[in-house]
Each structure stands twice: as C-alpha cells, then as structure tokens.
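Peer 1: can you look at this prediction? I've put the sequence above it.
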Amino acid sequence: QVQLVESGGGLVQAGGSLRLSCAASGRSLSSYYMGWFRQAPGKEREFVGTINWRRGFTSYADAVKGRFTISRVNVKNTMVYLQMNSLKPEDTAVYYCAAGSMVLPGTRVGEYDYWGQGTQVTVSS
C-alpha cells in the first residue's frame, strides 16, 4: 500500500507560480512512477506529468511542457513536487498525485494504483 497526500494548491493570478507537494508513505517506491494528473469541472482526469522514482526520468503532457517541472526528494520524508510556472486560467483544476508500478512512464489513469485526495488550483485571469 502507498498513501499519498497532496498540498500546496490555492488561488494565483495568470502568469504566477505554485508548487504542489505530495507526501508518500508506505511501501518502497523504487519500482514506481509518480504521476500528476488534473481534473477540471466537467472534464475527464488528464495526465500532467510523471517521474521515475529511482532514476528521476520525467515525462510531461504537451500542454504543460516547459512550464511545469516534477521532482522528487527522499531524505527524511518521501516527497514529490510539481512546480508550476507561467500558469494560465486553463490550468485551473483539482490536481492529483498518483503512484504506479510500471516499466515505462504511464500517461493513463488506469496505470496508477494509488491516488491522493487532490488539491485545488485556481488561476485567475
């Protein structure tokens, strides 16, 4: 089992930045990809990006490439971060952290086994 708790959401103006955090606990994440997804009202949950826990490889959706960065830290606590820069109103959504054991970076919801509760990000124009 893996437990995930997101934090860091909030209200920001267009062009601003936010950093989301995901605290992970439970089993070892060495074979896992840690993904970020988002879901806007009335829309399906969509892939934002993912990071290979062991090697740090990342993959991003085209909509956020060059603006968002995923990183992970495993010192005292196991943390995954989503740094979001140059935010746009269309980035407004609930953002979810997810974990899944896979060989290649997954972009589909069904590839991830564990999910956090989500954190709201609102970007005003």
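Peer 2: The structure has been received and is ready for your questions. Numbers count the residues shown, from 1 in each chain.

Peer 1: now the end-to-end length of stretch 92-111.
Peer 2: Start-to-end span of stretch 92-111 (CA to CA, to the nearest Å) is 24 Å.

Peer 1: can you check stretch 79-92 too?
Peer 2: Stretch 79-92 end-to-end distance (CA to CA) = 23 Å.

Peer 1: so which bits of that stretch are buried?
Peer 2: Under the neighbour-count criterion of 16 or more other CB atoms under 10 Å, stretch 79-92 has 80-82, 84, 87, 91-92 buried. (C-beta placed from N, C-alpha, C; glycine too.)

Peer 1: what sits up against that stretch?
Peer 2: 12, 14-24, 34, 36, 38, 40, 48-49, 51, 63-64, 67-73, 95, 97, 121-125 (CB atoms under 8 Å, 6 or more residues apart in numbering).

Peer 1: circling back to that earlier point, turn the buried residues of stretch 79-92 into a markdown table, columns for pLDDT.
Peer 2: What follows is those, written out as a markdown table (pLDDT from 0 to 100):
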| residue | pLDDT |
| --- | --- |
| 80 | 96 |
| 81 | 97 |
| 82 | 98 |
| 84 | 98 |
| 87 | 98 |
| 91 | 98 |
| 92 | 98 |
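
Peer 1: separate out the buried members of the contacts of stretch 79-92.
Peer 2: Taking 16+ other CB under 10 Å as the criterion, what is buried in the contacts of stretch 79-92 is 12, 18, 20-22, 24, 34, 36, 38, 48-49, 51, 64, 68-70, 72, 95, 97, 121, 123.

Peer 1: re the thing from before, in strands only, show me the buried residues of stretch 79-92.
Peer 2: 80-82, 84 (DSSP state E).

Peer 1: that older thread, restricted to strands, list the contacts of stretch 79-92.
Peer 2: Among these, the members falling in strands (DSSP E) are 12, 18-24, 34, 36, 38, 48-49, 51, 68-73, 95, 97, 121-124.
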